[in-house]
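[1] sequence and predicted model, in that order:
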Amino acid sequence: MTSENRNMIVAIVMSMAVLIAWQYFSGTFHPQPQQQAAQSPATQNPADPSAAPAPGTSAPTAGAVPAKALTRSEALARSPRVAIETPRVIGSVALKGGRVDDLSLKDYRETVQPDSPIIVLLSPSGGPNPFYAEFGWVPGAGANVQVPGTDTLWTAPEGSKLTPETPLVLTWDNGAGLTFRRTITIDANYMFHVVDDVENATAAPVALHPYALVSRHGTPHTLGYYILHEGLIGVTSEGGLHEIKYSAIAEKKSEVFPSVGGWLGITDKYWAATVIPGAQEKVQARFSASQVGNDLTYQTDFLGDAVTVAPGAKATTDGRLFAGAKEVRVVDGYQKTYNIDRFDLLIDWGWFYFITKPLFLLIDWIYKGVGNFGVAILIVTVMLKTVFFPLANKSYASMAKMKAVQPEIQALRERFGDDRVKLQQEMMEIYKKEKINPIAGCLPIVIQIPVFFALYKVLFVTIEMRHAPFFGWIKDLSAPDPTTIFNLFGLIPWDPGTVPVIGHFLLLGVWPIIMGMTMWAQMKLNPAPPDPTQKMIFDWMPLIFTFMLGSFASGLVIYWAWNNTLSVVQQSVIMRRNGVKIELWDNLKSIFVRKKPTAG
């Protein structure tokens, strides 16, 4: 086996190992008809605050689910409401309970079709997929104080509407000397600010604990990818980042962490709802699951230290609610503006955060100039090729030199025969003399692996890539190529994906085929291996990779095809400069021209 062929086999094995590992850990990329993205966290009913635990323990737990399932419209109609309307969201606040439990995202739709429904994020209790947030007070240990609960009917000024310009002010009097006031504001994106005041007109001091929660009914459908977290999430000062899957918290039931500041909530792939105490507020942060009715319900909540309200005095507490799309610019902006500890980790950048996020920021910056994420990916590929050019240049130059000394290597093989030790010693002498690195041929693939991983992450987790078009039939770079050769790219009215067992492998679009062709061309730059087994491996490898990548995000496949094309050009130029014959055309010609049999 020649050294360049050995290097090629090593590179192929490494690439296959990466792809197989990806398939194992992340599963095959089958985007749902954007319905998963539309699913809002369905939350459990918030607790009756009057049933809250003593100070220092966890915050309120959920109440009972109504016996009769209601439609979303019927669930919304069970409470008088105040409308929410901003440039980016629409919904309402329930006056019964004072919850934010109705929110839709005006900028996002369930599918790429412009007339498909907009994303519904928050939904009320009693209807399908409940998901909501709640703020309030709970009395201190042993106190007999009536505080607002889930059935409390708050009062709002007539004609109220929550907009970025007009806050919503709710009031409620417990009839025993305590008056509660809640002021809710919202910005132009996805951040609510909730300020709770309580005035004490009694003759005795009152101790109350502020709380906030996000709650979800039922175990939602998740994509189930190893590289993507969906479930309960948060950052606490004591425990750092918490990513707790539904199955894990269902088993543990509850986890509590003391924290100063931080945030916690429930996240899907593209959307999330989180509650955020003040940056210096001491709280008990809790992640929990409990059985309510027939469903498991999930909740994240925080309980603040007791606030003592003296007779004739007023106490104030405030918190924030993020409910919306996990846009990088918006999330990073909130982290900086409100000093929210590591809020950018709401987006699952993964272990290689230091590569993945900078790569996204670079792609996004170029996108703002060219207006197309696919073009931005192509430009970034060229930039990466330029950055790694010195290393790749040495690698390809070393490979070219190895080709040049192949006659000497072959002579050594014939001279030393089965004496492998002597053969290796003589070969290393030649490599040393000609300044050849035998493993240099693997470096371009090794360099490409972390970039491939980072780009895969970027395409998979960032909402900016969702429904981002390229050209032609590619309407969503985060989804696989929608065409397939097995129905002649749509000319035959048949879905090959419906074929049992092998249907997934029949979804082979135009871009995966282009990628396979570029990989095939890159391999044909090298002379054909003399060993028939090696030759068979090389001949079949591009086809195997084509089918393996057929289900990957089209943006990733486009990147790989473009990267292969640049590599072919780069390697050809370097080989020509080193006086080494480029085998591409001869290898292509050999496919169609049969060799004449030698005379016996």
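    Looks like it came in fine. Residues are numbered from 1 along each chain as shown.
[2] the nearest residue to Tyr108 once chain neighbours are set aside and His467, how far apart?
    Spatial nearest neighbour of Tyr108, chain neighbours left out: Ile119 (4.4 Å); criterion: CB to CB, 6 or more residues apart in numbering. Placement of C-beta: from N, CA and C, glycine included. Separation of Ile119 from His467 (CB to CB, to the nearest Å) stands at 11 Å.
[3] which of the two has more neighbours?
    With neighbours defined as other CB atoms under 10 Å, Ile119 and His467 compare such that Ile119 has more, 23 against 18.
[4] state the mean pLDDT of the host helix or strand of Val569.
    Assigned by DSSP states H and E, Val569 falls within helix 554-577. Mean pLDDT, computed over helix 554-577, is 86.
[5] and that helix, which residues are buried?
    Neighbour counts using 16 or more other CB atoms under 10 Å place 554-568, 570-572, 574-575 of helix 554-577 among the buried residues.
[6] then stretch 426-433?
    Glu426, Met427, Tyr431.
[7] could I get those residues in JSON lines, plus columns for secondary structure, pLDDT and distance to Ser104?
    Formatted as JSON lines, the buried residues of stretch 426-433 follow (DSSP: H, G, I helix; E, B strand; the rest coil; pLDDT from 0 to 100; distance: CB to CB, whole Å):
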{"residue": "Glu426", "secondary structure": "helix", "pLDDT": "80", "distance to Ser104": "73"}
{"residue": "Met427", "secondary structure": "helix", "pLDDT": "79", "distance to Ser104": "68"}
{"residue": "Tyr431", "secondary structure": "helix", "pLDDT": "78", "distance to Ser104": "65"}
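[8] take those residues and lay them out in TSV including distance to Glu327.
    Conversion of the buried residues of stretch 426-433 to TSV gives the following (distance: CB to CB, whole Å):
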residue	distance to Glu327
Glu426	61
Met427	56
Tyr431	52
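[9] from those residues, pick the one nearest Thr202.
    Nearest to Thr202 among the buried residues of stretch 426-433, counting by CB to CB, is Tyr431 at 90.0 Å.
[10] how much space between the closest one and Thr484?
    In terms of CB to CB, Tyr431 sits 46 Å off from Thr484.
[11] wait, is the residue nearest to Tyr108 part of a helix?
    No. Ile119 is assigned strand when assessed by DSSP: H, G, I helix; E, B strand; the rest coil, not a helix.
[12] quickly list what it is bridged to.
    Ile119 forms beta bridges with Leu105, as assigned by DSSP bridges.
[13] how about the strands in the stretch 401-550 of the chain?
    Counting by DSSP state E, counting those that start in this stretch, the stretch 401-550 of the chain has no strands to list.
[14] can you check the stretch 101-250 of the chain too?
    118-122, 131-139, 161-162, 168-173, 178-186, 191-200, 206-217, 231-236, 240-245.
[15] secondary structure class for Val330?
    helix.
[16] my read: Gly140 touches Val307, true?
    No. With contact defined as CB atoms under 8 Å, Gly140 does not reach Val307; the gap is 9.2 Å.
[17] between the two, which contacts overlap?
    Shared contacts of Gly140 and Val307 (CB atoms under 8 Å, 6 or more residues apart in numbering): Ala207, Leu208, His209.
[18] columns pLDDT, distance to Ser398 and neighbour count on top of those, output as JSON lines?
    Listed next are the shared contacts of Gly140 and Val307 as JSON lines, based on pLDDT from 0 to 100; distance: CB to CB, whole Å; neighbours: other CB atoms under 10 Å:
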{"residue": "Ala207", "pLDDT": "94", "distance to Ser398": "75", "neighbour count": "17"}
{"residue": "Leu208", "pLDDT": "95", "distance to Ser398": "72", "neighbour count": "27"}
{"residue": "His209", "pLDDT": "96", "distance to Ser398": "68", "neighbour count": "29"}
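[19] and which of these is nearest Leu455?
    For the shared contacts of Gly140 and Val307, the nearest to Leu455 is His209 (46.4 Å; CB to CB).
[20] relative to Gly98, how far out is the closest one?
    Taken as CB to CB, the span from His209 to Gly98 is 17 Å.
[21] just give the closest residue to Thr166, not the sequence neighbours.
    Ser160 (7.7 Å).
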